[in-house]
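**Student:** Okay, predicted coordinates and the sequence, questions at the end:
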Amino acid sequence: MDINTVLCQEFSLKLWQIENTIKLIDDGNTIPFIARYRKEATGSLDDQLLRALADRLSYLRNMEEQKAKIASSIEEQGLMTDEIKDSIEKASTLTELEDIYRPFRPKRKTRASVAKAKGLQGLADAIYEQLKSIIPIELAKDYINDEVPTIEEALAGAKDIIAELVSDDPAGRKMLRYSIKQNGKIAVLGAKEDLGVYEMYKEYTEPVKSIASHRVLAINRGEKEDFLKVSIDYDKIVGVNLLKNLHIKGNSLSSDLVIEAIEDSYTRLIFPSIEREIRNTLTDTASESAIEVFAKNTRQLLMQPPVKNKITLGLDPGYRTGCKVAVVDGTGKVLDTGVIYPVPPHNKIEEAKKIIKNLVKKHNVEIFSIGNGTASHETEVFAAEVIKELNCGITYMVVSEAGASVYSASKLAAEEFPEYDVSLRSAVSIARRLQDPLAELVKIDPKAIGVGQYQHDMPQTQLTSALDGVVEDCVNTVGVDLNTASAQLLSRVAGVSSAVAKNIVDYRQKNGAFNSRKEILNVSKLGPKAFEQCAGFLRVAESDNVLDNTGVHPESYSAARKLLALCNVSDDDVRNGNVSSVQNYVQTVGTSALAKQLDIGEPTLIDISKEIAKPGRDPRDELPQPLLRTDVMGIEDLKAGMELKGTVRNVIDFGAFVDVGVHQDGLVHISQITNKFIKHPADVLKIGDIVTVWVLSVDTERKRISLTMKKPQE
């Protein structure tokens, strides 16, 4: 297999793009670095495509290794033929390889191996030939011995050998696998009287070829929890006939025995094996789909626009233990903390109002950030009342507190806030999540962020790898302030390990703020290769060199300086935003001619000119700003037909959950998102989108809100 050619075809890329990308990956470059600073080499492939390509490259290389191992094993057994060698070379999946190797794989004790040990291989071969001249009963007499005392046992052993031969045949398995995928049905039955959330699957069937991924995962979970029994329903007669067409050579006494062996092989060996394979494949496909959705949602959550430079009061709601309060300044520094008891069972509302009002006036609080957990709605009502009474322009937002308790009890939080107890750390985290979601959420295991389905049922290594890639891409897309970033945030920068990130923070604490990007070369264990990978993603606003506060890589400083000189633009001009002449010059000369003049590629020139135009640029600022509220509603206030503005909180296979300001998110089913056909809600919606919805129905008892994005007819 020519891996490069296969990748070209699968990704619809040119050979030079594949060759250059593979070389960059093999040379130890990180995906964010390749995506951002090697655009000329890859043809400007983005980070998501590069990760998919890297994963596929790893799969294909692993398959080539497996081919070599299988070929070597068959050759050692002295059984290699040109036909088998050709089949191995042409195999395009690991499943095909397994089918080819199955007859040659060392087996544990089976009925066939026992029969072979008794010397019945010759009888089986003769029967399988199906010659009309052979009378199996007569032939079997020659194989009777101490271990095979009767003709019946001899014929039974021969059939066991033929059954295994049929089972091991790659062609038969391939045909059956395809037929079952096309014509089989997933059949589900309830295993208990009370099925709870699995009631819809009490007696359920759906074609294998069209079953939705989220139903596969739901059924699997129900089976794992012993609520459901799951199988594949397929016509046995069709399956046996497929195998007979391959192995029956006419009408003879031997053929009748081969048919019996085929039926036994199908029932005992082949169908159970392929049933497991297909269910595993369905699970793998469903998991990949769910991981893809989880990763996309995580990306969108991490890239939520920050509410910058606002003094924020964080509220971590609670009933018995009270509502924890933390005030942080515009940089996230903690100014004050406390606990109030405005909700049941304490109901110390007036006392709580007094405390909050004092904190607002003392620290000039501009915005409230409220966690969406236990007692959130009551706390939101309380906060809205305080805001109304203060009447000073304060707004609030309810933020997800998923993972906040995990973070606040972690070693990292203890190191960051040793003077505060666990509950107050959580309030600080909630305040900071509004100010900079990315910087705060990187401190939490991505799986704990809670923007997907069935994350605990997925292959954890695969899920972790995908989410870690998303976090890394987001951090490097935004860039990191070298003088304020936490070790956790720095460890997500391309080329920076956790140990080096800690060393950067230690160096900063010992020597003060970094004055340039180059200075990080003084950090222990950060060598030239790591510097190459990370430098462009780090920002040093304090540097005398204005380029240190942009996404321009140090390797391109010379070209950037030449461009500034050609445009008569100084560092102060860049800092003050007086750089319109740069864009004008690029347009006048043309990117192609100017790139040649500066001895750089066109993509690099375009990136340099963009970065010079906005030093310290945060791409999240260009996204729709979050929806801030000043008043609150309850689920009981909702009525069918009511029009509302809401924020998309989660996008899943069958719809999207939207926060409309009543504590309970409403569901917009996929059929209610748009009048056009869409394969997945993520085709048109993403987390953080501000959308207009209309209430379809409200079930206050079950706390379910059904919404539509289709405007009702007047």
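**Tutor:** Okay, I see it.
**Student:** State the distance from Thr477 to Glu611.
**Tutor:** Separation of Thr477 from Glu611 (C-beta to C-beta, to the nearest Å): 13 Å. In this view, the C-beta of every residue, glycine as well, is placed from N, C-alpha and C.
**Student:** er, Gly28 I mean
**Tutor:** Taking C-beta to C-beta as the measure, Gly28 falls 25 Å from Glu611.
**Student:** Then Val240?
**Tutor:** Distance from Val240 to Glu611, by C-beta to C-beta: 68 Å.
**Student:** Next: Leu628.
**Tutor:** Separation of Leu628 from Glu611 (C-beta to C-beta): 30 Å.
**Student:** what does Ala187 give?
**Tutor:** Ala187 is 58 Å from Glu611, where distance means C-beta to C-beta.
**Student:** Compare neighbour counts for those two and give me the winner.
**Tutor:** Ranked by neighbour count (other C-beta atoms under 10 Å), Ala187 and Glu611 place Glu611 first, with 22 against 15.
**Student:** pLDDT score assigned to the more buried one?
**Tutor:** With respect to pLDDT, Glu611 scores 93.
**Student:** next helix or strand past the helix or strand containing it?
**Tutor:** Here Glu611 sits within helix 602-613, counting by DSSP states H and E. Downstream of helix 602-613, the first helix or strand assigned by DSSP H and E is strand 643-652.
**Student:** Give the buried residues for that next one.
**Tutor:** Neighbour-count burial for strand 643-652, counted by 16 or more other C-beta atoms under 10 Å, picks out Leu644, Gly646, Thr647, Val648, Arg649, Asn650, Val651, Ile652.
**Student:** same thing with stretch 588-603?
**Tutor:** By neighbour count with 16+ other C-beta under 10 Å, stretch 588-603 contains the buried residues Leu594, Ala595, Leu598, Ile600, Gly601, Glu602, Pro603.
**Student:** Need those residues in JSON lines (columns: distance to Asp445 and pLDDT).
**Tutor:** Converted to JSON lines, those look like this (distance: C-beta to C-beta, whole Å; pLDDT from 0 to 100):
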{"residue": "Leu594", "distance to Asp445": "46", "pLDDT": "96"}
{"residue": "Ala595", "distance to Asp445": "43", "pLDDT": "96"}
{"residue": "Leu598", "distance to Asp445": "44", "pLDDT": "96"}
{"residue": "Ile600", "distance to Asp445": "40", "pLDDT": "97"}
{"residue": "Gly601", "distance to Asp445": "38", "pLDDT": "96"}
{"residue": "Glu602", "distance to Asp445": "40", "pLDDT": "96"}
{"residue": "Pro603", "distance to Asp445": "35", "pLDDT": "96"}
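**Student:** Save the residues you listed as CSV, and put in distance to Phe382 too.
**Tutor:** Converted to CSV, the buried residues of stretch 588-603 look like this (distance: C-beta to C-beta, whole Å):
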residue, distance to Phe382
Leu594, 59
Ala595, 59
Leu598, 59
Ile600, 57
Gly601, 57
Glu602, 57
Pro603, 52
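**Student:** which of those lies closest to Lys447?
**Tutor:** Checking the buried residues of stretch 588-603 against Lys447 with C-beta to C-beta, the nearest one is Pro603 at 34.7 Å.
**Student:** so what does the worst-scoring helix or strand of the chain on mean pLDDT touch, helix or strand wise?
**Tutor:** When each helix and strand of the chain is scored by mean pLDDT, DSSP states H and E, helix 404-408 comes last, with a mean of 82. When contacts are defined as 3 or more C-beta pairs under 8 Å, 6 or more residues apart in numbering; DSSP states H and E, helix 404-408 packs onto helix 422-435.
**Student:** So which elements touch the helix it packs on?
**Tutor:** In terms of contacts (3+ C-beta pairs under 8 Å, 6+ apart), helix 422-435 is packed against strand 312-316, strand 323-328, strand 334-340, strand 367-371, strand 395-399, helix 404-408, helix 411-416, helix 437-441.
**Student:** If we use 7 Å, what do you get?
**Tutor:** For helix 422-435, the packing partners by 3 or more C-beta pairs under 7 Å, 6 or more residues apart in numbering; DSSP states H and E come out as strand 312-316, strand 323-328, strand 334-340, strand 367-371, strand 395-399, helix 404-408, helix 437-441.
**Student:** Any chance of those in a markdown table with mean neighbour count and distance to Ala499 as columns?
**Tutor:** Below are the helices and strands packed on helix 422-435 laid out as a markdown table (neighbours: other C-beta atoms under 10 Å; distance: least, C-beta to C-beta, whole Å):
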| stretch | mean neighbour count | distance to Ala499 |
| --- | --- | --- |
| strand 312-316 | 29 | 31 |
| strand 323-328 | 26 | 29 |
| strand 334-340 | 18 | 27 |
| strand 367-371 | 26 | 33 |
| strand 395-399 | 22 | 32 |
| helix 404-408 | 22 | 21 |
| helix 437-441 | 24 | 20 |
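**Student:** Residue ranges in the stretch 201-350 of the chain under the pLDDT threshold?
**Tutor:** Along the stretch 201-350 of the chain, no part satisfies pLDDT under 70.
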